[in-house]
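Chemist: Sharing a sequence plus its predicted fold:
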Amino acid sequence: MQHTRAETVNEIQVDLVVVGCGAGGLATAVRFLEAAPGASVVVLERTSRQRRGGNTAWTGSFFRLQPDGTPAPDFEERMHELSRGRTDKEIIRTLSEHAKPTVEWLHTQGVETTSGPTYFLTSKGPRLMPAGGGGAIVDRLCGRIAELGGIIEYEVTARALRQDDRAVCGVVGTDATGEERAWRATTVVLACGGFEGSAELLREHLGEHGPDLPTITPGGRANQGEGIVMGMQVGADTDGQFDRFHGEPIDPRTRTAEALVMAYPYGILVDHRGQRFLDEGADTPDNTFEEVAYRIWHEADQFAFLIADQKLMRHDIDRAVLTDRSPETAPTLEALAARLDIDPAAVRATVDTYNAAAVPGDLDITQLDGIATTGIEPPKSNWARPIDEPPYVAWPVTCAITFTFGGLRTDAKARVLTEKGTPVPGLYAVGEVAGIYHHAYPGATSVLRALVFGRIAGEQAAARTAAHPSTKPTTGQTPAPAPRPGTKE
């Protein structure tokens, strides 16, 4: 079916509009075109072609899956546990059941996966990732959309949803010139991320210092929260925890995307006063990195430093420290503290106290070793070796925001729901714009859930197109302003 110009100026008739060009939106569009040959789809992307893909394009896009694509043994249990029972059990079950078929589908699209080494030098959960990372997902699925006859409109920002009665029937947006444009469609899928790129919404939900959180990738800055606002304008309920986010520890000295510092369990973390403030070795880094990042933000005022010695540097840590900046190095702890602009006497006292409680010996980073401190608070539960082999090294560490937890309430079919639990006709949401996470993020599930529910949304949209073929449009209504995201009136 060809795109047709409607009677309203700049309004284009299509079968499906997808807002957002990350993993969820692209999976939606490709699966829709596969399931509805000849149907029409337009993907609206606010950035340029060179910057497309949101967070997906910049990250490793790990999946918490076994090498064959089956979920980790604790996949569902962990999601339940970390959300304290708040995440919809049916959504978790669907994600688990569709994980392997989704990986197999990725393979048919030309995206291979690998279970090779990750930036976690010690880990418990398995990690599968696309060869080439998230960028490979974006590039290949964008190519598939073109091959199947779909269209991606770049530098277009969706601003509002259109409705006929209660049913969503299209999208209004603006292009790079500021011109208003409109698309009318049988189905609309929102896949345009959370609100980590909005200083206003971060301040509202995370407090005064919310806007100080750097996004871990440039793609995150494009996620301004409009999808959540638009959904609420047409009666959508919200879900997910609006005052929580997925954070990661990074090196603040660089502009490199995802400049992770995942070697923190093997040294000590001190704040800007030179004091330890957490148990660095509480568990493997794949299970602790978000909590560590949060505590750096809340308890260390965003200024922490990983201090270590040559016991760590004798290991190959390049895959665990992804910054392009070398560590600060000095022959004495006092000189190192001076380079970090923290009190040398405080650092010396902290390290001396820690060393007295630590256990002499070599550092084994391949496993949880159970080597713990005795008699100090906070303790260190693993890898508690003295820091006493100069030259000493340190990396500054701060908390970066990857994505926000709060979003639109959806069901296991990716349908957007009202506060009463009924679907908003014609509206779906996938990826970060759909709020499912509470309290803590179950690592390596975000891109996976975007792909899984993107495929589901694409199939749902294809079925709707078959049942309700697009017709010549009439003028829809643009809804009135909505409450702020995360509020209910």
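Modeler: Great, that's in hand.
Chemist: I figured residue 238 was touching residue 434, is that so?
Modeler: No - Residue 238 is beyond contact range of residue 434, at 10.1 Å (criterion: C-beta atoms under 8 Å). (Each C-beta comes from the backbone N, C-alpha and C, glycine too.)
Chemist: Check the contact lists of the two and give me the overlap.
Modeler: Both residue 238 and residue 434 are contacted by 407-409, under the criterion C-beta atoms under 8 Å, 6 or more residues apart in numbering.
Chemist: Can you show me the helices along this protein?
Modeler: Ranges of helices in the chain, per DSSP state H, are 23-35, 75-82, 89-108, 133-147, 199-206, 226-233, 285-299, 310-313, 333-340, 344-357, 446-467.
Chemist: distance of the residue lying closest to residue 175 once chain neighbours are set aside from residue 176?
Modeler: Residue nearest to residue 175 in three dimensions, not counting chain neighbours: residue 156, with 5.2 Å by C-beta to C-beta, 6 or more residues apart in numbering. Going from residue 156 to residue 176 by C-beta to C-beta, to the nearest Å gives 8 Å.
Chemist: More neighbours: which of the two?
Modeler: residue 156 (22 against 11; other C-beta atoms under 10 Å).
Chemist: That one is in contact with residue 177, isn't it?
Modeler: No - counting by C-beta under 8 Å, residue 156 sits too far from residue 177 to count as a contact (10.5 Å).
Chemist: At which residues are the strands of the stretch 151-300 of the chain located?
Modeler: Ranges of strands in the stretch 151-300 of the chain, per DSSP state E, counting those that start in this stretch, are 151-154, 157-164, 167-174, 180-184, 187-190, 238-239, 245-250, 268-271.
Chemist: among those strands, which is the most enclosed?
Modeler: strand 187-190 (a mean of 32; mean count of other C-beta atoms under 10 Å).
Chemist: pLDDT averaged over that strand - what is it?
Modeler: Averaging pLDDT along strand 187-190 gives 98.
Chemist: can you pull the contacts of residue 135?
Modeler: 53, 56-58.
Chemist: and residue 360, how many neighbours?
Modeler: Counted with other C-beta under 10 Å, residues neighbouring residue 360 total 9.
Chemist: Next: residue 203.
Modeler: So residue 203, with other C-beta under 10 Å, has 14 neighbours.
Chemist: Show the contacting residues for it.
Modeler: Contacts of residue 203 by C-beta under 8 Å, 6+ apart are 210-211.
Chemist: Quote the end-to-end distance of stretch 239-248.
Modeler: Stretch 239-248 has an end-to-end distance of 22 Å (C-alpha to C-alpha, to the nearest Å).
Chemist: Identify the residues contacting that stretch?
Modeler: By C-beta under 8 Å, 6+ apart, stretch 239-248 touches 86, 88, 194, 196, 205-206, 213, 216, 258, 260, 289-290, 293-294, 297, 399-410, 434-441, 446, 485-486.
Chemist: and if we set it to 6 Å?
Modeler: 205, 216, 290, 293-294, 399-407, 409, 435-438, 441, 486 (C-beta atoms under 6 Å, 6 or more residues apart in numbering).
Chemist: Please enumerate the strands of the stretch 351-489 of the chain.
Modeler: 392-404, 407-408, 415-417, 423-429.
Chemist: okay, those strands in a markdown table with mean pLDDT and mean neighbour count next?
Modeler: Shown next, in a markdown table, are those (pLDDT from 0 to 100; neighbours: other C-beta atoms under 10 Å):
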| stretch | mean pLDDT | mean neighbour count |
| --- | --- | --- |
| strand 392-404 | 97 | 25 |
| strand 407-408 | 98 | 30 |
| strand 415-417 | 98 | 23 |
| strand 423-429 | 98 | 25 |
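Chemist: Redo the ones you listed as CSV? Include distance to residue 353.
Modeler: Formatted as CSV, the strands of the stretch 351-489 of the chain follow (distance: least, C-beta to C-beta, whole Å):
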stretch, distance to residue 353
strand 392-404, 16
strand 407-408, 44
strand 415-417, 53
strand 423-429, 50
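Chemist: Grab the nearest non-local neighbour of residue 160.
Modeler: residue 172 (4.6 Å).
Chemist: Equivalent analysis for residue 256, please.
Modeler: In space, residue 256 is closest to residue 324, 5.0 Å off (C-beta to C-beta, 6+ apart).
Chemist: Make sure the one you found is actually in contact with residue 254.
Modeler: Yes - counting by C-beta atoms under 6 Å, residue 254 is a contact partner of residue 324 at 5.4 Å.
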